[in-house]
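A.B. asks: sequence and predicted model, in that order:
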Amino acid sequence: MAPTPSTGGESTSPLQPTKDQVTTLWIIGGYLIGILLLWQMPYLKHLLYPFKLVTIGLHEFGHACMACVSGGRVKSITVDPNLGGLTTYVGNSRTQCLALPAGYLGSSLLGGILVFCGFNVTASKGAAIMLLVCLLLTMLWARNWLAFGICFFFAGLVGLLWWLDGGKYLKFFTLFLGVMSCIYSILEIIDSLVLRKANGSDAVQFAEKYGIFPAQGWGFIWLIISLLFLVGAILAGLVAFKGDNQNGGASLTPAN
């Protein structure tokens with residue numbers, strides 16, 4: 001059986017959102033605006049505090065994961081209550097070159113995957129499994145109570161959302177954490193390079209070690225890549241999940 005063409009005999013564009021996908025796009029837009037507004041807003045910014053901590057943990061996981069992949073060895077991950085993080089590892093020059101940008105780019109890639117999977121409840125469960133693995137590995141490398149505790153809390157939250165009402169709320173959680181992970185690098189670059197926070201960013205450290213561009217240049221490059229991950233994830237989600245949003249199937253209308 002062939003899918004029924006749209007009115008006028010032309011196939012619907014793969015990027016044309018369905019009704020469910022329009023709702024998802026509004027949710028993503030609402031999350032994006034809400035995070036940007038609350039990030040530095042007095043008092044209300046504390047609503048984001050636990051999500052900032054877990055995003056920092058995932059940022060540090062990106063450093064740690066790439067350090068291992070490039071032949072290094074991770075010694076520790078720590079998360080600072082003042083919203084800083086540190087990953088210590090040993091390795092060769094290749095390890096240092098690859099692991100430094102992997103914090104921003106790794107958390108952006110993970111965020112993009114979460115946003116992509118957030119278009120579908122079943123896919124959100126798959127993303128939740130991936131997220132649990134990341135959190136558990138971060139806990140394994142954690143060397144302070146905050147890094148361990150925040151990952152443990154969010155791992156438990158993922159388990160609760162999976163159990164609650166068939167896991168349908170995982171969609172909203174993965175979308176939120178995905179959006180926040182994608183724009184974290186943007187916000188962090190603005191904080192460190194524009195507001196000049198005392199603790200040097202990954203871009204500052206990378207520029208000091210490898211030059212070529214100043215820190216602002218590397219920050220801008222990573223910012224663009226983070227945006228591409230987010231936009232690419234949204235476009236891929238529109239194309240991939242055209243069917244039943246609950247089951248992930250592609251429902252085609254049989255031809256007469």
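C.D. replies: Okay, I see it.

A.B. asks: distance of the closest residue to P81 other than its chain neighbours relative to N92?
C.D. replies: Once flanking residues are discounted, P81 sits nearest to L146: 5.9 Å by Cβ to Cβ, 6 or more residues apart in numbering. Yep, even glycine has a C-beta here, placed from its N, CA and C like the rest. With distances taken as Cβ to Cβ, to the nearest Å, L146 is found 30 Å from N92.

A.B. asks: which of the two has more neighbours?
C.D. replies: For L146 and N92, the more surrounded residue by other Cβ atoms under 10 Å is L146, and the numbers stand at 16 against 10.

A.B. asks: wait, that one sits on L83?
C.D. replies: No. With contact defined as Cβ atoms under 8 Å, L146 does not reach L83; the gap is 10.6 Å.

A.B. asks: what do these two both touch?
C.D. replies: Common contacts of L146 and L83 (Cβ atoms under 8 Å, 6 or more residues apart in numbering): L53.

A.B. asks: what strand or helix carries the closest residue to T24 other than its chain neighbours?
C.D. replies: The shortest distance from T24 to any non-neighbouring residue, by Cβ to Cβ, 6+ apart, is to F119 (5.5 Å). Using DSSP states H and E, F119 sits within no helix or strand.

A.B. asks: what number of residues lie near F119?
C.D. replies: F119 has 29 neighbours, counted by other Cβ under 10 Å.

A.B. asks: hmm, it is touching L238, no?
C.D. replies: Yes. Between F119 and L238 a contact is recorded at 7.4 Å, counting by Cβ under 8 Å.

A.B. asks: by mean pLDDT, flag the weakest helix or strand of the protein.
C.D. replies: Ranked by mean pLDDT, DSSP states H and E, the weakest helix or strand in the chain is helix 202-210, scoring a mean of 79.

A.B. asks: for that helix, packing partners?
C.D. replies: Secondary-structure packing of helix 202-210 (3 or more Cβ pairs under 8 Å, 6 or more residues apart in numbering; DSSP states H and E): helix 93-99, helix 102-117, helix 215-240.

A.B. asks: any idea which of the ones you listed is most buried?
C.D. replies: helix 102-117 (a mean of 25; mean count of other Cβ atoms under 10 Å).
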